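[1] Coordinates for the following, if possible.
(one chain, ligands or ions: 2)
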Amino acid sequence: MSETDLQVKQRIDELRARLAEYNYQYYVKDAPTVPDAEYDREMQELMALEQAHPEFQSVNSPSQKVGGQALTAFEQVTHDVPMLSLDNAFDEASLLAFEKRILDRLKQSVTLAFSCEPKLDGLAVSILYEDGQLVRAATRGDGQVGENITANVRTIANVPLSLRGKNWPQRVEVRGEVFMPKNGFKTLNENQRKSGGKVFANPRNAAAGSLRQLDSKITAKRPLMFYAYSLGVVTPSEFELPEQHSERLNTLASWGVPLCPDITTAQGGKGCLAYYQHILEKRDALPYDIDGVVFKVDDIQLQNTLGFVARAPRWAIAQKFPAQEEVTQLIDVEFQVGRTGAITPVARLEPVFVGGVTVSNATLHNQDEIERLGVKVGDYVVIRRAGDVIPQVVSVVEAKRQSNVKPIEFPTQCPVCDSNVEKLEDEAVARCTGGLICAAQRKQALKHFASRKAFDIDGLGDKLVDQLVDANLVHSPADFFTLSLPKLIGLERMAEKSASKLLDSLEASKRTTLAKFLYALGIREVGEATASNLALHFRTLESIRQASIDDLIAVQDVGEIVAAHIVNFFNESHNTDVIDALLSVGINWPEIEAKEEGVTLPLEGKTCVITGTLSTMGRSDAKSALQALGAKVAGSVSKNTDFLVAGEKAGSKLTKAQDLGVDVWDEEALVAFLERH
Ligand SMILES: NC(=O)c1ccc[n+]([C@@H]2O[C@H](COP(=O)([O-])OP(=O)(O)OC[C@H]3O[C@@H](n4cnc5c(N)ncnc54)[C@H](O)[C@@H]3O)[C@@H](O)[C@H]2O)c1
Ligand SMILES: [Zn+2]
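    Numbers count the residues shown, from 1 in each chain. Ligands and ions are numbered 1, 2, ... in the order given. Below you'll find the predicted structure:
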């Protein structure tokens, strides 16, 4: 052997070994280690080398094989007619070359009719019916021998257990694809993530993993579907069937077998290309995942004349779509802080063309996800970008890992404001505790601070908050109270009159309540009700600041998580600085009188609901007033409700209260009660 021949042989052996390993991971384990695009590139290279060097051909080459070995855990099924693969076309030219090859072989120069079918990305299944009843179902396996998955296929909702009508052959094999629709895949993965189960890389793997379960009860819970695309054996063989593949599909439909609704026929290679374009444009909107389209010579007679090569028919071809999964290198991980302080790790990638665009960032979601993936900086990763969805890191290509990869360190300080990062045990998301001072969270926090149920600053809407922050006039809430006329009228669309009105309402808002003040701080999970319970319980800001987790849990409606949020908030000096600044600009509230020992509040232990419109006060004011008197204010009426406050236009809650015999107070009764206490 010459030097170059040796090199070629070496490369061929290398590719064969790699592809055989990919096949095993993909077909047997349902857990591919490289994206299809990478697999296809290596397979193309191998086929080209084998073609140029026929002396190195081998029947054992992955280029000659279909699928992978059937798992011995399943009973084996030998197919009467082998289940083959399809040749691929990756561009227009190779599709037109396919048409030309066929015409040359048939010695014809006509325009052929083709059946045009979406190439569903699932797995091929053979379903056998005898006397109209489903008797056996099998996977493709290695094309000759598949796995008996009858019990599992029976659980797929749209697979008919018996054929409709009477006009079917005594024995008939239906072939088609089992797949998982996109929305089912999304829900399944969300649930798997929550329950700590296996997360699937893509709908194909999810379908394969769900179908090849030893326990059909698991399969039954998975959102699988089946679409038929051809007939296998038919007995008796003289049973009359249409002469066109497309007509045969219609026959299948007449027996109640489901077909993909996007199948059609086209004339010649040109017609096929138009179909390709049409489906490519529809791809993202389709409810199922496809990796291309399949073209089949429609005339069965011609199909038979053309016949097969080792692993695929000559009369069909799969034209692949641009890949939605690719491999690239993870250069670094950056941490972004969202508006609520949530910290998201973002993968910085070596730019890669995938899903029709060049992708250089992908989300890594959170720390749990990083751990699940086992990803490190410097790793080669599989990126998936399907439709408009944010690109995802789906897996690490372990085989490509180098020794210099570095672990991903989750920050303990916020990358924007340097505050501590908190991650509670039962939460996946880590958050910056900087709250009010974190620039990333600032706008959101300031809007909350000015909102109606908090400081209720008239004339200070979301747009103005954006403007003030962008103009560098406001960094923290206390800055609102240092705004002046000259500063304000410098802003776009801010006239003197509205500016001075704003200053007036800022001044007025300085007088507030401890509950509103606490709520305005935007401590996580401290809503209006919790803020008001805290105020009533502790009575002063100082004692809330000093409170331990145990002290806090003693408050109505405060659990361990909320207590931890509160303690973490006050432990952060950035937050206490903001509070001190607010107090020093003159924010104040009336003192809350001590509850005398032994004296209970008039509404202690009572639960009420407020509905309808109140004319003398807002619903939230009524709520605070009732809470201050010890009542618990609930959102819906039940038999545990003691009374309902019903304003104008009260609807279903009033009806329900009347049905349950719950006391109803009108606004007048409420006002009278509040005046008395
Ligand atoms: N990532 C990996 O490690 C890895 C490993 C092995 C294979 N693969 C992928 O699988 C491909 C080869 O796999 P293959 O031989 O199983 O199948 P294929 O995808 O090349 O084509 C044949 C299959 O297409 C499916 N199909 C969908 N719609 C069809 C229709 N309307 N008519 C006929 N068939 C239809 C059937 O399941 C059939 O078995 C590779 O090109 C690669 O993309 C990837
Ligand atoms: Zn921060």
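[2] contacting residues for V327?
    Listed by C-beta atoms under 8 Å, 6 or more residues apart in numbering, the contact partners of V327 are 34-35, 37-38, 352, 380-383, 397, 400. (Glycine included, C-beta is placed from N, CA and C.)
[3] Give me every residue in the stretch 301-450 of the chain lying close to ligand 1.
    A318 (C-beta under 6 Å from any ligand atom).
[4] quick one: low-confidence parts of the stretch 301-450 of the chain?
    Applying pLDDT under 70 to the stretch 301-450 of the chain flags the ranges 436.
[5] Helices of that one, residue ranges please.
    Along the stretch 301-450 of the chain, the segments classed as helices by DSSP state H, counting those that start in this stretch run 367-373, 439-450.
[6] Pull out the buried positions in the last one.
    By neighbour count, with 16 or more other C-beta atoms under 10 Å as the criterion, the buried positions of helix 439-450 are 440-450.
[7] the strands in the stretch 501-650 of the chain, which residues?
    For the stretch 501-650 of the chain, the strands defined by DSSP state E, counting those that start in this stretch occupy 607-611, 632-634, 643-646.
[8] Show me what whichever helix or strand comes after the last one is packed up against.
    Using DSSP states H and E, the helix or strand that directly follows strand 643-646 along the chain is helix 652-660. When contacts are defined as 3 or more C-beta pairs under 8 Å, 6 or more residues apart in numbering; DSSP states H and E, helix 652-660 packs onto strand 607-611, strand 643-646, strand 663-665.
[9] Alpha carbons only: can I get helix 652-660 in CSV?
    Output for helix 652-660, consisting of C-alpha atoms alone and laid out as CSV, is shown next (Å, rounded to 0.1, in the frame of the first residue of the first chain):
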residue,chain,number,x,y,z
SER,A,652,-70.5,36.2,41.6
LYS,A,653,-68.9,36.5,45.1
LEU,A,654,-72.0,38.1,46.4
THR,A,655,-74.2,35.4,44.9
LYS,A,656,-72.0,32.8,46.4
ALA,A,657,-72.0,34.4,49.8
GLN,A,658,-75.8,34.6,49.7
ASP,A,659,-76.0,31.0,48.7
LEU,A,660,-73.8,30.0,51.6
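[10] Show me what counts as buried in that helix.
    Taking 16+ other C-beta under 10 Å as the neighbour-count basis, helix 652-660 is seen to contain the buried residues 653-654, 656-657.
[11] try stretch 384-395
    Of the residues in stretch 384-395, those with enough neighbours to count as buried (16+ other C-beta under 10 Å) are 384-386, 391-395.
[12] Could you list the residues of this protein in contact with ligand 2?
    The chain comes close to ligand 2 at residues 414, 416-417, 419, 432, 434, 438, as judged by C-beta under 5 Å from the ion.
[13] again, 6 Å this time
    Proximity of the chain to ligand 2 (C-beta under 6 Å from the ion) is limited to residues 337, 414, 416-417, 419, 432, 434, 438, 440.
[14] mind listing which of those residues are in strands?
    Helix and strand membership here follows DSSP state E; of the residues of the chain next to ligand 2, those in strands are 337, 432.
[15] ranking the residues of the chain next to ligand 2 by neighbours, who comes first?
    For the residues of the chain next to ligand 2, the largest neighbour count, defined by other C-beta atoms under 10 Å, is 28 neighbours, found at C432.
[16] Grab the nearest non-local neighbour of that residue.
    Nearest residue to C432, sequence neighbours excluded (C-beta to C-beta, 6 or more residues apart in numbering): C414, at 3.7 Å.
[17] ditto for R511
    Closest residue to R511 apart from its sequence neighbours, by C-beta to C-beta, 6+ apart: N588 at 6.2 Å.
[18] Pipe the residues of the chain next to ligand 2 into CSV and attach distance to A669 per row.
    Supplementary listing: the residues of the chain next to ligand 2 in CSV, determined by distance: C-beta to C-beta, whole Å:
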residue, distance to A669
V337, 49
C414, 50
V416, 51
C417, 49
S419, 48
C432, 47
G434, 46
C438, 46
A440, 48
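[19] Check the gap between the most centrally placed residue in the chain and T150 for me.
    Centroid-nearest residue in the chain, with C-alpha atoms, centre = their mean: K186, separated by 5.5 Å. Shown here: K186 relative to T150, a distance of 29 Å by C-beta to C-beta, to the nearest Å.
[20] again, but for S63
    Going from S63 to T150 by C-beta to C-beta gives 32 Å.
[21] Please apply the same query to V555.
    With distances taken as C-beta to C-beta, V555 is found 59 Å from T150.
[22] thinking again about what came up before, tell me which of the buried residues of stretch 384-395 fall in strands.
    Members of the buried residues of stretch 384-395 lying in strands (criterion: DSSP E): 384, 392-395.
[23] Can you tell me which of the residues you listed is nearest ligand 2?
    Taking C-beta to the ion as the measure, ligand 2 lies nearest V393 of those, at 24.3 Å.
[24] In the stretch 351-500 of the chain, which residue sits closest to ligand 1?
    For the stretch 351-500 of the chain and ligand 1, the shortest gap (C-beta to the nearest ligand atom) falls at V382, measuring 9.0 Å.
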